[in-house]
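Asks: For reference, the sequence and a predicted model appear below.
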Amino acid sequence: MLHPGPDSKDELIETLVEAQDKDVIGAQSREMLEGVIRMADMTAGDVMVAAPRMDVIDIDAPYDELLHGVIETAHSRFPVYEGDKENIIGILLAKDLLKLQRAPELNIRALLRPAVFVPESKGLNDLLRDFRGNRNHLAVVIDEFGRVAGLITIEDVLEQIVGEIEDEFDIADDEGDIFALTDRSYRVSGDTAIERVNEAFGVNLPMGELETIGGLVAHEMGHVPKRGESHVLQGLQFVVMLTRGGAVRWFKVSPVAA
């Protein structure tokens, strides 16, 4: 009676903060426990990648075009559609394309994995359990009218608990930040210093209070860019390839045609 337990999730979180202050648990443990508690009230619709920002593949696209899209976006899994983008017919794993190199007679359709569809209202706890059970780590999210609302991966769910998960797009500060692509464009980290971009592309972007190219582009656009949005600065087109935590992680940069 002198030490009543928490009666709500907010009080439970406050208790975790007190436990951290008393060195009962560490900061990282508290953050993960808070993530587990908050995730219980979240749905697939809360963390999904919205349909307009999905990178999808047309089953009827030429192989070279398909391969170029896979390399450019650098994802490991892609929803595949036929005819209309609402008509998702399966999931293509990027690694499965290697089979075509050894057996060109294979049809892309033979490589497709079954697509998993979940409603926007699907709880993240239940979704995580499904991901663990069926080993299919990507699901297409459907709205109440049966239309494609977006997609969600197991990484999206786990990040609600453990925070941002580093992937193939993430590099150490000393490993570089500008990479040439096969189509003569470049992949540029949003954290790249404006000075370095100026040197690499021979431009004269302003270097004031803003230090990174991601910050400059967001400032010029007046909002945090979303995947697929583009902006032109001094003859360079910056297309957003990936965003994380409210900031641009990667741009695709190419000269604007005269």
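Replies: Yep, it's here.
Asks: got the domain boundaries for this structure?
Replies: 10-39, 45-162, 174-255 (automatic domain parsing).
Asks: how about low-confidence regions in the stretch 51-200 of the chain?
Replies: Applying pLDDT under 70 to the stretch 51-200 of the chain flags the ranges 104, 163-176, 182-183.
Asks: That one: helices as residue ranges?
Replies: 63-73, 98-102, 108-111, 124-134, 154-162, 194-201 (DSSP state H, counting those that start in this stretch).
Asks: do you know which of those lies nearest Val80?
Replies: Taking Cβ to Cβ, helix 108-111 is the member of the helices of the stretch 51-200 of the chain nearest to Val80, at 7.8 Å. Every residue, glycine included, has its C-beta placed from N, CA and C.
Asks: Glu82 is in contact with Asp59, correct?
Replies: One thing to correct before we go on: residue 59 is Ile, not Asp. Yes - counting by Cβ atoms under 8 Å, Ile59 touches Glu82, with 4.7 Å between them.
Asks: ok, those two, which is more surrounded?
Replies: Taking other Cβ atoms under 10 Å, Ile59 and Glu82 do not tie; Ile59 has more neighbours (17 against 13).
Asks: do you know how far that one is from Val116?
Replies: As for Ile59, its distance to Val116 is 18 Å (criterion: Cβ to Cβ, to the nearest Å).
Asks: Could you do Lys226 as well?
Replies: Distance from Lys226 to Val116, by Cβ to Cβ: 25 Å.
Asks: neighbour-wise, which of the two wins?
Replies: Val116 (17 against 12).
Asks: Disregarding flanking residues, what is the spatial nearest neighbour of that one?
Replies: Spatial nearest neighbour of Val116, excluding adjacent residues (Cβ to Cβ, 6 or more residues apart in numbering): Ala139 at 4.4 Å.
Asks: residues in contact with that neighbour?
Replies: Counting by Cβ atoms under 8 Å, 6 or more residues apart in numbering, Ala139 makes contact with 44, 116-118, 127, 130-131, 151-153.
Asks: again with Gly146
Replies: Gly146 touches nothing, counting by Cβ under 8 Å, 6+ apart.
Asks: The one 3 residues further on now?
Replies: Contacts were defined as Cβ under 8 Å, 6+ apart; by that measure Ala149 touches 45, 48, 50-51, 120, 141-143.
Asks: Same question for Arg38.
Replies: Counted by Cβ under 8 Å, 6+ apart, Arg38 has contacts 9, 160.
Asks: I'd assumed it was in a strand, is it?
Replies: No - counting by DSSP: H, G, I helix; E, B strand; the rest coil, one finds Arg38 to be helix, located in no strand.
Asks: centroid residue for the chain?
Replies: Leu242 (6.0 Å; Cα atoms, centre = their mean).
Asks: any idea how far that residue is from Val49?
Replies: From Leu242 to Val49 the distance is 11 Å (Cβ to Cβ).
Asks: Can you work out which residues contact both of the two?
Replies: Joint contacts of Leu242 and Val49 (Cβ under 8 Å, 6+ apart) are Arg227.
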